[in-house]
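>>> Sequence first, predicted coordinates after that:
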Amino acid sequence: MLKNDQLSEWDRSSFFHPSTHLAQHARGETPTRVVTGGSGVYIEDRDGTKLLDAFAGLYCVNVGYGRSEIADAIAEQARELAYYHAYVGHGTEVSITLAKMVMDRAPKNMSKVYFGLGGSDANETNVKLIWYYNNVLGRPEKKKIISRWRGYHGSGLVTGSLTGLELFHKKFDLPLDKVLHTVAPDYFRREDLSQSEEAFVAHCVADLEALIEREGADTIAAFVGEPVLGTGGIVPPPAGYWKAIQAVLKKHDILLVADEVVTGFGRLGTMFGSDHYEIEPDFITIAKGLTSAYAPLSGSIVSDRVWKVLEQGTDEFGAIGHGWTYSAHPIGAAAGVANLQLIDKLGLVANAGKVGAYFKSALTDALGDHANVGDIRGEGLMCAVEFVEDRDGRKFFDPAKKVGPQIAGALLSQGIIGRAMPQGDILGFAPPLSITEAEIDKVVAATAKAVSEVF
């Protein structure tokens, strides 16, 4: 196929890229990479460069690239029925089938799934339904949502507010005033280095309790959290964290939203992160792993107790006034059905647990003694290495040195994609769930070499 040699020019003149330094890119100071294909854990660009994608796109290509089973399902659905809406009881065979497949895999206290397109709109849906829920119950003041610093929940107005990362607030007039933040369960970054994990969990609980006390429990509707912090640094919670947090929420009648956009459908070695940490959510947010990003699709899974109130609301106030044109889009649903079938067929949930443990162990063996490696952490196929200037004193680098991006760049030069995470010198990994131990060995060897080069 002939290359279009104007693509780079068109890109800089026409394409508004997300999460990009716009001025540098427009000036040509950062490269345009045109990705043309992929197979397994590898992608390839139009210059023939082959890269092992150890971040699965954006934590999302869980089954790996080039799966013809999903492509064929999308094509067949497009030929049969490319679109029909889901309003007023309408559905398609494939959207109804996918809803059943999702609910068969969801925790047992969940009831129904509402389909959207991306994680951000799913969390917007959750917040709207939470507000509706409390209005139906005659609690119009119970509307505030608590999130955590370093959490990531989207880039919209409410969801960008829920996100607890400075980049997503700066100059956007966020967060909005109904969103509150409590401490991140990041044990490595605790202020008091003498604290045990147990003491740190008690600190997290005390911070949450103090926030509820200040605001008033009768004003707080819900708490939203990722089972494992993702974009905030790939941080598994300290032992006992979720049990302790849930006790506080139950005491104050505060709903729990488990944002499983990253952890849903196998990444932690269990079907859901809620299973992994014994979380009993009122809402579960799903997206990425639902279709392995072969087509856009998200979902808001609501619990039995929430669903009963939603039904009560429509009996009292009429049809619920919420919907997206592309809710339960047949193309996305077809991708979802084929994707979930493939996850089961290939045993990818179990593989994520097994290979994820191997990955963390191999990273620890390769880098655990390095003077500038402060922390190596992970759960399932989510792993991260955090770099520090002084390991013993846990002194962090000046952000202006961009140590994390330098290491990610050195890794890329060896043909491996890792991600420099925001708000810290953190190198993150979340490869396809299909990755093998031999491929992990390549990632670890290249990471060790990149660290050596930079330091």
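Looks like it arrived, so ask away.
>>> Around N134, how many other residues sit close by?
N134 has 18 neighbouring residues, counting by other C-beta atoms under 10 Å. Any C-beta I mention is one placed from the backbone N, CA and C, and that applies to glycine too.
>>> Identify the residue nearest it in space, chain neighbours excluded?
Leaving aside its chain neighbours, N134 sits nearest to K142 (4.5 Å; criterion: C-beta to C-beta, 6 or more residues apart in numbering).
>>> can you check E197 too?
Distances taken as C-beta to C-beta, 6+ apart put P238 closest to E197, at 4.3 Å, once the chain neighbours are dropped.
>>> Next, give phi and psi for that neighbour.
The phi and psi values for P238, taken as degrees, to the nearest 10, are phi -70, psi 160.
>>> Distance of it relative to D47?
44 Å (C-beta to C-beta, to the nearest Å).
>>> Could you verify my assumption that the residue nearest to N134 touches A222?
No. Counting by C-beta atoms under 8 Å, K142 sits too far from A222 to count as a contact (9.1 Å).
>>> So P238 and D47 - more neighbours on which side?
Remark: of P238 and D47, P238 carries more neighbours, 21 against 9, as counted by other C-beta under 10 Å.
>>> so what's the more buried one up against?
Shown in contact with P238 (C-beta atoms under 8 Å, 6 or more residues apart in numbering): P185, Y187, E197, F200, V201.
>>> The last one: what secondary structure?
In this case it means V201. helix (DSSP: H, G, I helix; E, B strand; the rest coil).
>>> where does it land on pLDDT?
V201 is assigned a predicted lDDT (pLDDT) of 98.
>>> That one reaches A244, doesn't it?
Yes. Counting by C-beta under 8 Å, V201 does reach A244; the two are 5.4 Å apart.
>>> neighbour count winner among the two?
Legend: neighbour count by other C-beta under 10 Å for V201 and A244, higher for V201 (22 against 17).
>>> now what about stretch 187-203, what contacts it?
Contacts of stretch 187-203 (C-beta under 8 Å, 6+ apart): 183, 185, 235, 238-241, 244, 374-375, 377, 386, 394, 424.
>>> Could you pull up the residues touching the most centrally placed residue in the chain?
Closest to where the C-alpha atoms of the chain average out (C-alpha atoms, centre = their mean) is V262, at 3.2 Å. V262 makes contact with Y59, E226, V228, G230, K288, G289, M382, A430 under the criterion C-beta under 8 Å, 6+ apart.
>>> so it, which of the three states?
coil.
>>> Going forward, the N-terminal residue is numbered 274.
Yes, from this point I'll number from 274; that puts the last item at V535.
>>> so what's it scoring on pLDDT?
For V535, the pLDDT comes out at 98.
>>> Then G666?
With respect to pLDDT, G666 has a value of 88.
>>> And it, its phi and psi?
phi -90, psi 0.
>>> That one - how many residues pack around it?
9.
>>> and it, how far is that from V508?
From G666 to V508 the distance is 21 Å (C-beta to C-beta).
>>> Then L481?
Note on L481: its distance to V508, by C-beta to C-beta, is 17 Å.
>>> what do you get for H476?
For H476, the distance to V508 - C-beta to C-beta - is 15 Å.
>>> ok, these two, which is more surrounded?
Ranked by neighbour count (other C-beta under 10 Å), H476 and V508 place V508 first, with 27 against 16.
>>> which residues touch the closest residue to the more buried one other than its chain neighbours?
Nearest residue to V508, sequence neighbours excluded (C-beta to C-beta, 6+ apart): L502, at 4.0 Å. Going by C-beta under 8 Å, 6+ apart, L502 touches R421, R423, G424, Y425, A457, P458, D459, V508, P509, P510.
>>> Just give me the neighbour total for the closest residue to the third one other than its chain neighbours.
The one in question is G424. Nearest residue to G424, sequence neighbours excluded (C-beta to C-beta, 6+ apart): G437, at 4.6 Å. Close neighbours of G437, defined as other C-beta under 10 Å, add up to 24.
>>> thinking again about what came up before, which ones among the contacts of V535 map onto helices?
Y332, K561, G562 (DSSP state H).
>>> Test my guess that the first one contacts P704.
No. Y332 is not in contact with P704 according to C-beta under 8 Å; the separation is 9.3 Å.
>>> Look at those two and report which has more neighbours.
The residue with more neighbours, out of Y332 and P704, is P704; 31 against 26, by other C-beta under 10 Å.
>>> Kindly reformat the contacts of P511 as a markdown table containing distance to Y550.
Formatted as a markdown table, these follow (distance: C-beta to C-beta, whole Å):
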| residue | distance to Y550 |
| --- | --- |
| P458 | 11 |
| Y460 | 15 |
| E470 | 15 |
| F473 | 16 |
| V474 | 13 |
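>>> which residues in the stretch 374-523 of the chain form strands?
383-389, 417-421, 452-455, 493-498 (DSSP state E, counting those that start in this stretch).
>>> Among those, single out whichever gets nearest to A348.
Evaluated over the strands of the stretch 374-523 of the chain, closeness to A348 peaks at strand 383-389, with 20.4 Å, by C-beta to C-beta.
>>> Counting by contacts, list what the closest one packs against.
Counting contacts by 3 or more C-beta pairs under 8 Å, 6 or more residues apart in numbering; DSSP states H and E, strand 383-389 packs against helix 366-378, helix 392-409, strand 571-576, helix 577-590.
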